[in-house]
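Colleague: A structural model of the following input is requested.
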Amino acid sequence: MKVEFELSRTHLPIASLLRHAHELPDRPALIDGAEGGLCITYSELLQRVRSTAAKLTAAGVKRGSRVAVVAGNQAIYPIVAFATNYLGAIYVPVNFRLAAREIAYILDNCEPTIVLTDAERSETTRTAVALTDTDVTHEDLTKITAPGTEEPIPEPALCSATDDQAIIYTSGTTGRPKGAVLTYSNVLATTMRSSATGNFLPGQETVLLASPMFHIAALANLDANLANAATTIISPSQGFNAGYTLDEMEKHGVTRTYMVPSQWQLVVEEQRRAPRNLKLRFYGWGASPATEAQLSALRETFPEASSQATFGQTETAGAGVSLRHEDSLRKLGSVGLPDRNFSIRVVDAEMNDVPRGEVGEIVYRGPGVMSRYWNNPEATAEAFRGGWFHSGDLVRQDDEGFIYVVDRLKDMIISGGENIYSAELENVIAWHPKVADIAVIGKDDDKWGQIPVAAIVPQNPNDPPTLEEIQHFCSDKIARYKLPKETILLDAFPRNTMGKVQKTALRSALEGAAQN
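Modeller: Alright, predicted model coming up:
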């Protein structure tokens, strides 16, 4: 009891769980979005977390141990996250779509005591474990989270805000994935931001969680939902289906959800085709830039709902900058202002602040910024050079301080000595009536060094836009040197698990694509 009393003074996830299990025992905490899915109340969730913590203890997990999970989205997945935190251990969700050798690299890097997996990923995980140099136990997720245990129930750990809560591995698009170490303070900063600025109604929200459980968006959502006694619907891991998503929103009376722009685009199209009776009062978007066309469509489709765009990355616990609903019309295309408790600068390569209106890299400080990369001091030193976290995102600020994403440093195109920002060009081309999806990349060129190439998914494959039509459409909106010099037509773009276009894969795919 003394431990629970001390926990009640904190904002840690387990303190919220203890409170809600006592005050709202019958309120649904987790619902599996699969057909006939499991429903777990707050009282049942606490019981399962305690019994899972007991089983993890018996498997050798203790304070500071790493607990890895390779599994698809399901209602029992968060039980592991909370049970790990209950013990003061470190939660490590792993991208289940990775190959065995890629998973083995992560396991070797973080050296977990145990790795949990579901039936569908068991063989791949077993192969990954065999490839590691780490002594790690491999267990079934369903078994370890099942109700009840013969093991003694341990006391919850008293963790401080600076203790490590989770390691989230980056997508590794520029090399090996890096494990961003997030402390309780880091995740709490996001919980406070989303709770305050996201118009949460404690004990009254039903949230559809569509993000993969291994992504920072899922961890941030889970902790915020738990803090606010929300009911969380866990969408299963399958190819994104807008019809299913809207059906679930209608069935469960979902009041809020978060998706990436490419998913929202499909939801908008489906809702316009077959409207559902929804209770949506708040929607969020992030993880990749949304075009102005997508944001306008969202407002038109859900006029009664408020919104918040969040911009950040794994290393900033998912946030850092956000755009309020009331600013989204007059600041269309902006990702917003720095979040509470975040300091930002926009700097050049020498860490000099650039004047407002000019392009520079956004760098961060604040309680939401990760503590370090796990077992990677070189990458940590590089990321925090000059005392600020370097995001790799190129932005500009207007005269009110609102931030506009221009590009990623690695995606900037240098043509004839001039910088061309692919995101800027994409935002313009996205408005063309014949364009369904757009990505701009650089192509090596003997004369100019690089030229911009517009990869386009047409609205109508039988009537795609020509290069001349795209150039004419853009000619009065951007400088002539920024105009695409080639277009390439595709049926779809290669995307990662969070809907971001994989431009490295796209460049490879374009080599064999037909050009206009």
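Colleague: Now do the host helix or strand of residue 414: which elements does it pack against?
Modeller: Using DSSP states H and E, the element containing residue 414 is strand 413-415. Under the contact definition 3 or more CB pairs under 8 Å, 6 or more residues apart in numbering; DSSP states H and E, strand 413-415 sits against strand 418-420, strand 435-445, strand 449-458. In short, each C-beta sits where N, CA and C put it, glycine included.
Colleague: who does it pair up with?
Modeller: The pairing partners recorded for strand 413-415 under DSSP bridges are strand 418-420 (antiparallel).
Colleague: buried ones in the partner strand?
Modeller: Judged by neighbour count (16 or more other CB atoms under 10 Å), strand 418-420 contains these buried residues: residue 420.
Colleague: Same question for stretch 144-161.
Modeller: Buried residues in stretch 144-161, counting neighbours by 16+ other CB under 10 Å, are found at 144, 145, 149, 154, 156, 157, 158, 159, 161.
Colleague: measure residue 50 to residue 300 for me?
Modeller: 47 Å (CB to CB, to the nearest Å).
Colleague: which one of the two has more residues nearby?
Modeller: residue 50 (18 against 10; other CB atoms under 10 Å).
Colleague: Residue 270: how many residues sit nearby?
Modeller: Residues contacting residue 270 under the criterion other CB under 10 Å number 19.
Colleague: If you could redo that for residue 250, that was the one I meant.
Modeller: 15.
Colleague: right, and it touches residue 275 too?
Modeller: No - in this structure, residue 250 is not within contact of residue 275 by CB atoms under 8 Å, at 9.8 Å.
Colleague: Residue 402: what's it in contact with?
Modeller: Residue 402 makes contact with 323, 327, 331, 334, 336, 337, according to CB atoms under 8 Å, 6 or more residues apart in numbering.
Colleague: hang on, the earlier thing: which one of the helices and strands packed on strand 413-415 lies closest to residue 29?
Modeller: Smallest distance to residue 29 across the helices and strands packed on strand 413-415 (CB to CB): 36.9 Å, for strand 435-445.
Colleague: Tell me which strands the closest one pairs with, and in which orientation.
Modeller: strand 449-458 (antiparallel).
Colleague: separation between the residue lying farthest from the centre of the chain and residue 415?
Modeller: Distance from the C-alpha centroid of the chain peaks at residue 447, with 39.2 Å (CA atoms, centre = their mean). Counting by CB to CB, the gap from residue 447 to residue 415 is 9 Å.
Colleague: Please apply the same query to residue 313.
Modeller: To residue 415, residue 313 is 27 Å away according to CB to CB.
Colleague: What ranges does the stretch 201-350 of the chain have for its helices?
Modeller: For the stretch 201-350 of the chain, the helices defined by DSSP state H, counting those that start in this stretch occupy 216-227, 242-252, 261-273, 292-301.
Colleague: thinking again about what came up before, can you redo the helices and strands packed on strand 413-415 as JSON lines with mean pLDDT and distance to residue 486?
Modeller: As requested, those are arranged in JSON lines below (pLDDT from 0 to 100; distance: least, CB to CB, whole Å):
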{"stretch": "strand 418-420", "mean pLDDT": "75", "distance to residue 486": "13"}
{"stretch": "strand 435-445", "mean pLDDT": "87", "distance to residue 486": "7"}
{"stretch": "strand 449-458", "mean pLDDT": "89", "distance to residue 486": "5"}
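Colleague: Would you format the ones you listed as JSON lines with distance to residue 125 included?
Modeller: Formatted as JSON lines, those follow (distance: least, CB to CB, whole Å):
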{"stretch": "strand 418-420", "distance to residue 125": "43"}
{"stretch": "strand 435-445", "distance to residue 125": "33"}
{"stretch": "strand 449-458", "distance to residue 125": "35"}
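Colleague: who wins for proximity to residue 26 among those?
Modeller: Judged by CB to CB, the one of the helices and strands packed on strand 413-415 that comes nearest to residue 26 is strand 435-445, at 44.7 Å.
Colleague: Return the closest one as CSV; C-alpha atoms alone will do.
Modeller: C-alpha atoms of strand 435-445 as CSV (Å, rounded to 0.1, in the frame of the first residue of the first chain):
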residue,chain,number,x,y,z
VAL,A,435,-3.3,14.1,-59.7
ALA,A,436,-4.3,11.6,-57.0
ASP,A,437,-0.9,11.3,-55.3
ILE,A,438,2.5,13.0,-55.8
ALA,A,439,6.1,12.6,-54.8
VAL,A,440,9.0,14.6,-56.1
ILE,A,441,12.6,13.3,-56.2
GLY,A,442,15.9,14.3,-57.7
LYS,A,443,17.5,12.7,-60.7
ASP,A,444,21.1,13.0,-61.6
ASP,A,445,21.7,15.1,-64.6
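Colleague: quick one: it to helix 261-273, angle?
Modeller: On the basis of axes from the mean of the first three to the mean of the last three CA atoms, to 10 degrees, strand 435-445 is oriented at 150 degrees to helix 261-273.
Colleague: shouldn't residue 467 be in contact with residue 489?
Modeller: No - using CB under 8 Å, residue 467 makes no contact with residue 489, being 10.5 Å away.
Colleague: Would you mind measuring from the residue minimising distance to the centre of the chain to residue 284?
Modeller: Nearest to the mean C-alpha position of the chain, counting by CA atoms, centre = their mean, stands residue 217 at 3.7 Å. Per CB to CB, residue 217 is found 9 Å from residue 284.
Colleague: shared neighbours of those two, anything?
Modeller: Between them, residue 217 and residue 284 share these contacting residues under CB under 8 Å, 6+ apart: residue 258.
Colleague: got CSV for the helices of the stretch 201-350 of the chain, with distance to residue 373 and mean pLDDT too?
Modeller: As requested, these are exported to CSV (distance: least, CB to CB, whole Å; pLDDT from 0 to 100):
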stretch, distance to residue 373, mean pLDDT
helix 216-227, 14, 94
helix 242-252, 34, 95
helix 261-273, 28, 90
helix 292-301, 32, 83
